[in-house]
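K.L.:
Sequence first, predicted coordinates after that:
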Amino acid sequence: MTEHRQTRADYFYFETMTTRWMDNDAYRHINNVVYYSFFDTVANNYLMKAGVLDIGKSPVIGFIVASSCSYKKPLAYPAKVDAAFRVNRIGTSSVEYGVAVFAEGDNEPAAFGTFTHAFVDRENGKSVPIPAETRAALERAV
């Protein structure tokens, strides 16, 4: 099976981030765990900028319940990267995001993957349907 070649055109929302000294590992490239931080940051920043997430007060919040990442080429400090976001699928109480990290100026990602948020009641942690305003913001990013 041939894998779809990802490009910037596949994504809806971008944020430029700067790598840090501590992001490099002993192999002198950005450690794999840092990509997950980029993914989590771009997804939650989109929700906050869309006005549907207040990390301290929102009664419904998203927990990451699944994630994946494919690494295509190494990045290293110092560098600026563009974290990218889109929505792949929206369910009743969960959403799968498509996420990627691009080196500044590159059209193909250094890494890409998925994050799945399951929406829960902040107080009791039980699954709840995606709120209407959140669903509308997610639908814009499909």
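P.N.:
Great, that's in hand. Since we're looking at a predicted model, the values are computed, not measured.
K.L.:
Can you name the residues in contact with the helix or strand containing residue 36?
P.N.:
Using DSSP states H and E, residue 36 maps to helix 32-49. In this structure, residues lying in contact with helix 32-49 by Cβ atoms under 8 Å, 6 or more residues apart in numbering are 13-15, 17, 19, 23, 53-55, 62, 64, 67, 69, 71, 81, 83-85, 97, 99, 101, 111, 113, 115, 117, 134, 137, 141. The C-beta positions use only the backbone N, C-alpha and C, and glycine is treated the same way.
K.L.:
At which residues are the strands of the chain located?
P.N.:
Secondary structure of the chain, counting by DSSP state E: strands at 13-18, 60-71, 80-90, 94-103, 111-121.
K.L.:
okay, these, which one's buried deepest?
P.N.:
Among those, ranked by average contacts under mean count of other Cβ atoms under 10 Å, first place goes to strand 94-103 (a mean of 23).
K.L.:
which other helices and strands contact that strand?
P.N.:
helix 32-49, strand 60-71, strand 80-90, strand 111-121 (3 or more Cβ pairs under 8 Å, 6 or more residues apart in numbering; DSSP states H and E).
K.L.:
Leaving out the residues flanking it, which one is nearest to residue 102?
P.N.:
Nearest residue to residue 102 in three dimensions, chain neighbours excluded: residue 82, at 4.5 Å (Cβ to Cβ, 6 or more residues apart in numbering).
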